[in-house]
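Colleague: quick one, what's the 3D model for this:
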Amino acid sequence: MPPALTAGSDHDEPQVRLAYLQAVKSNVYGHLTVQQATDQLNSTLDALLVADKLPEFPRPVRTLAGAKARLGIDPDLYITQYTICPVCWKHITPKQMQELESPQCQVSDCPGILYKETRDSKKRLIKIPYLVNPQTSIIASLRRMFMRPGWAKSLKDSRRSPHNHPKRNDNEDFVMRDMDDATEWYEPQTNILREVGSNGTVRDVSANETAPRLTDHRYGLHLTMNADWFGLLEGRPHSSGPIYCSIDDLPREDRFLQVNVLCPCILPGPKEPNQIQLNHALEPPIKEIAILKNGVYLFLYTQADVYADLFLLNCDTPAIRKFNGVAGHGHNIHPCFYCDTTLPDIDTQKGYDNNAAPAREKGILDGYGIRWSPLNLIPGWRPVSLAVLDFMHNIFLGVISHLFTTVLFSSYMFSGIGGINSPKQKFEDLINAVKWPSHVTRLPKNLGENQSLKKADEWRRLLTITPVLLWWVWKDDDDEIPDSASPIPPNAKHVPEHSRNCKSLYDTILLLCAGVRILASRTITMAQAHLGQNFLLQYCQRCLDLKIHLVINHHLSMHYIGMIKRFGPVYGWWLFAFERFNGMLEKVNVNGHDGGRMEVTLLRNWVQTHLLYELLLSLPDNAHELERKILDQIVKDEARQRGGMVTQIAVFRSEASTDGVKLPKRRKEKFVDLHSLDPVGRVYPLLLEYVQQLWPDLQLVDEYSQDPGTLFWGRKSATIINYVRKNGIRYGCTSSQRTQADSFAFIVKDGRRILAELNTLLVVHVANKDPHVCALVCRFTSDENIPTFPWDFLASLLGIHVSYANAFEELEVIPISAVDAPLALIPIHSRKIHQDLWVSFSFDHTGAEPEDFDDEDYE
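Modeller: Predicted coordinates for the structure are as follows:
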């Protein structure tokens, strides 16, 4: 068995270890070949030899493989390359492979050939498999993780207490923040066995007198499994399929760090496996999970056993069907395995009747074309209840994509008739005019011409601004949406059959916008979930009334209520994080060799990242600072590749902190002259009045005052910062050209949410008080003269606010804690009052997933 924790080489000198690290980094992350990295290692060692700094003992190794072994970061120690049958994918261990007397597949009636025989340079007979599947042990990976300093303590302790019980969300107003706030968290049992009766019935029974819950153990891990296939090569089709397991007991801020996510195996291409092949590939990890369900002693500092269960299967719709062995979503009779809806029902009102018979967990198991799945090996596994519908694929890439591509784009709702005043040009111009916060995914500038989006984030942003976008494109000379259809171009290839009435479509689409915003919230109550689900239901029913053809994604979206009840906010389990892991693997250099060899390279990279991180945590006492620096840089480089996930992780981290506020690491410590911050001298008296109320015990007075008290110095009391991160989101100010894009925000004052421009960010230092962060702000101007808009009745749910353009109230001071949410801004013109307006969109409901990354902000 490989070592439990990589601890580096205590005997090697720091300069030798540094040479090893540089060679490994160049190979794994700098994309040097093995030979090039080996040459680099030898050049460094030769330089040390010339300088008489190369020790004689222990004798330095001069190969890349030797360097990895000496550092304890050889990923091959943790990876098993199974030989698999090219036909059925039956797995053969390396030991079994050597014992085989024939290359014929051992499965009866399978024509597959496992390997070919050849001779090496020493004329020895060797077996070369035609196809391999790299896998790594879940139990061994957990053993290494538990040996990381502080890792075990970071796991949630879900043992029951007065404040920690399974039915908290029976209260419709209970706010769910994560998966452990929902009911399913407390359901998994341990120490149970799955028995099959003589008539084929299955039941789960206790292995002893009691069957304690997973949450009754200090280390009872809830695992989420995800699988997705992605194109690995550009020149030819080749789909690789990583399987990931996240540990949901970790805090949200750490759960989706790559170093905390298991990758048990990567399924080889070039094609996705069929059901039989997938079943064979899943057997090793599933058997390990079944073992963990009864507890495993991992040789930890503590004597407690570690338990784990497959708590959630979370994939896109085709993958989740394949994993569970159920009919595909195009099946005529069983397209939905949550209810009895048939495929013809999808396009009728019957498919959207939430008062129909409830989803049947038992009935779906009886005679509905279900095939065998290795998941059934896990005692307690429930294929319907524990398989969720991913919000990202279903809503963003499914329902919203269908709305724009089928209902709007393909139906000439953004026609090019009219030239620069055409709906298409207005559509594109308004999108390009949006002032997004710097952390938000931008939309393509040519969306009016190239009407397609690739990323779920892009569809998500497009829907956010849709209420204003459609009004702007369709409105008439009176700023009203006409109760008529847009003209069809004379060269149209087809005439849409559904209604193209602008007002009817707008009212319908507004329901979708509201439903998605509510259901995608970071926190949610069951009352809110029912409201969001009802909006989706009304959207689908209205679409049918307008003769719009609906697809399976619309029907599947009717089932989110039960999933939120069981698993909490979709924000805690949607697939954005796992999709980004695929993006990271796509960047790994591979040699293009088929037969599973490229997948071996991918898994090596994943395990290598874990091992390097563990090496960083366990460097010996004599480690040089340069060793720590190079390992820390590797971790940062990997974080940068995560793109938007960096700020989502920052959001999670801030939610776990006391105040959620983080200042720049590098900032000017020089005091600013408060008298010179504005030409009319408003800042000093405003700030003085503010700190007098903040710290009344100091009895602060004007620096020129003769009154008794503590003088508030205008030139020695405050420093300026360019930005601040609150709840993981960056807020800038107009006084800094670098961060002006983030200078608009919603603030909370006297219980009201107010639009404001952040003018200057200050850190106030007075006497012995802790430094206090505050902001000089100007509220947006708004009054009753602003006309009504068609989204007004849902404006609060949609987070939309309208104000006068470039019009602000007087300067005021607020604590940084009053900054509530970032916003996007769209400039428009109202013909009714003949004035320019700003329409602002709050980004507080759906967690932003920014693109920027600052080295100084990553920890």
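Colleague: name the element residue 221 belongs to?
Modeller: Using DSSP states H and E, the element containing residue 221 is strand 220-227.
Colleague: distance of the residue nearest the centre of the chain from residue 613?
Modeller: Centroid-nearest residue in the chain, with C-alpha atoms, centre = their mean: residue 577, separated by 2.9 Å. Per C-beta to C-beta, to the nearest Å, residue 577 is found 17 Å from residue 613. For glycine as for every other residue, the C-beta is placed from the backbone atoms N, C-alpha and C.
Colleague: now do residue 823
Modeller: Residue 823 is 37 Å from residue 613, by C-beta to C-beta.
Colleague: of those two, who's got more company?
Modeller: More neighbours surround residue 823 than the other of residue 823 and residue 613, with 26 against 23 (other C-beta atoms under 10 Å).
Colleague: check which helix or strand the residue nearest to the centre of the chain maps to.
Modeller: Going by DSSP H and E, residue 577 is in helix 576-586.
Colleague: how much space separates the residue nearest to the centre of the chain from residue 26?
Modeller: 28 Å.
Colleague: circling back: just give me the neighbour total for the residue nearest to the residue nearest to the centre of the chain when sequence neighbours are not counted.
Modeller: Leaving aside its chain neighbours, residue 577 sits nearest to residue 256 (3.8 Å; criterion: C-beta to C-beta, 6 or more residues apart in numbering). Per other C-beta under 10 Å, the neighbour tally for residue 256 reads 21.
Colleague: just residue 399 next, same as before
Modeller: Residue 399 has 24 nearby residues by other C-beta under 10 Å.
Colleague: leaving out chain neighbours, which residue sits closest to it?
Modeller: Per C-beta to C-beta, 6+ apart, closest to residue 399 is residue 553, 5.3 Å.
Colleague: same question for residue 664.
Modeller: Nearest to residue 664 is residue 721, by C-beta to C-beta, 6+ apart, at 5.9 Å.
Colleague: contacts only, for the one you found.
Modeller: 663-664, 667-668, 761-763, 773 (C-beta atoms under 8 Å, 6 or more residues apart in numbering).
Colleague: now, of the residues you listed, which are buried?
Modeller: The neighbour count (16 or more other C-beta atoms under 10 Å) marks 664, 667, 761-763, 773 as buried among the contacts of residue 721.
Colleague: quick one: which of those is nearest to residue 318?
Modeller: residue 664 (44.9 Å; C-beta to C-beta).
Colleague: so which helix or strand takes in the closest one?
Modeller: For residue 664, there is no host helix or strand (DSSP H and E).
Colleague: what packs against the helix holding residue 577?
Modeller: Helices and strands touching helix 576-586, as assessed by 3 or more C-beta pairs under 8 Å, 6 or more residues apart in numbering; DSSP states H and E, comprise strand 230-231, strand 239-247, helix 456-474, helix 597-617, helix 625-641, helix 645-656.
Colleague: mean pLDDT lowest for which of the ones you listed?
Modeller: Comparing mean pLDDT over the helices and strands packed on helix 576-586, the weakest stretch is helix 645-656, at a mean of 39.
Colleague: pairing partners for whatever helix or strand comes next after that helix, with directions?
Modeller: As assigned by DSSP H and E, the chain's next helix or strand after helix 645-656 is strand 661-662. Sheet partners assigned to strand 661-662 using DSSP bridges are listed as strand 724-726 (antiparallel).
Colleague: tell me the first helix or strand C-terminal of the strand it pairs with.
Modeller: Counting by DSSP H and E, what follows strand 724-726 is strand 729-731.
Colleague: how far off centre is that following strand?
Modeller: Relative to the chain's own centre, strand 729-731 is displaced by 18 Å; criterion: C-alpha atoms, centre = their mean, to the nearest Å.
Colleague: counting contacts, what elements does the helix or strand following that strand pack onto?
Modeller: Going down the chain from strand 729-731, the next helix or strand is strand 744-749, by DSSP H and E. Where contact means 3+ C-beta pairs under 8 Å, 6+ apart, strand 744-749 is packed against strand 752-764, strand 819-830, strand 835-842.
Colleague: ok, which of those strands comes nearest residue 350?
Modeller: Comparing the helices and strands packed on strand 744-749 by C-beta to C-beta, strand 835-842 comes nearest, at 36.0 Å.
Colleague: tell me what angle that closest one forms with strand 752-764.
Modeller: Interaxial angle of strand 835-842 relative to strand 752-764 (axes from the mean of the first three to the mean of the last three C-alpha atoms, to 10 degrees): 80 degrees.
Colleague: pull the number of nearby residues for the closest residue to residue 441 other than its chain neighbours.
Modeller: Leaving aside its sequence neighbours, residue 441 sits nearest to residue 457 (C-beta to C-beta, 6+ apart; 4.2 Å). The local packing of residue 457 (other C-beta under 10 Å) involves 22 other residues.
Colleague: then the one 4 residues further on?
Modeller: Here the number of neighbours of residue 461 (other C-beta under 10 Å) works out to 25.
Colleague: now swap in the one 10 residues further on and tell me
Modeller: Residue 471 is surrounded by 21 other residues when neighbours are defined as other C-beta under 10 Å.
Colleague: ok, residue 238 next?
Modeller: Look at residue 238: counted by other C-beta under 10 Å, it has 20 neighbours.
Colleague: so who does it touch?
Modeller: Counting by C-beta under 8 Å, 6+ apart, residue 238 has contacts 231-232, 269-270, 594, 598.
Colleague: what do you get for residue 473?
Modeller: Counting by C-beta under 8 Å, 6+ apart, residue 473 touches 413-414, 423, 426-427, 430.
Colleague: how close does it get to residue 827?
Modeller: Taken as C-beta to C-beta, the span from residue 473 to residue 827 is 15 Å.
Colleague: try residue 396
Modeller: Residue 396 is 26 Å from residue 827, by C-beta to C-beta.
Colleague: more crowded one of the two?
Modeller: Counting neighbours by other C-beta under 10 Å for residue 396 and for residue 827 shows that residue 396 has the greater number, 25 against 14.
Colleague: ok, that one - contacts?
Modeller: By C-beta under 8 Å, 6+ apart, the contact list for residue 396 reads 456-457, 459-460, 463.
Colleague: go on, residue 819?
Modeller: When contacts are counted by C-beta under 8 Å, 6+ apart, residue 819 touches 726, 731, 745-747, 758, 775.
Colleague: hmm, try it at 6 Å
Modeller: By C-beta atoms under 6 Å, 6 or more residues apart in numbering, the contact list for residue 819 reads 726, 731, 745, 747.
Colleague: now residue 216: closest residue in space that isn't a chain neighbour?
Modeller: Using C-beta to C-beta, 6+ apart and skipping the chain neighbours, the partner closest in space to residue 216 is residue 159 (6.2 Å).
Colleague: SS state for the one you found?
Modeller: Following DSSP: H, G, I helix; E, B strand; the rest coil, we place residue 159 in the coil state.
Colleague: can you tell me which of the contacts of residue 396 is closest to residue 440?
Modeller: The closest of these, once distances to residue 440 are taken by C-beta to C-beta, is residue 457, at 8.6 Å.
Colleague: correct me if wrong: the closest one contacts residue 440.
Modeller: No - between residue 457 and residue 440 there is no contact under C-beta atoms under 6 Å: 8.6 Å.
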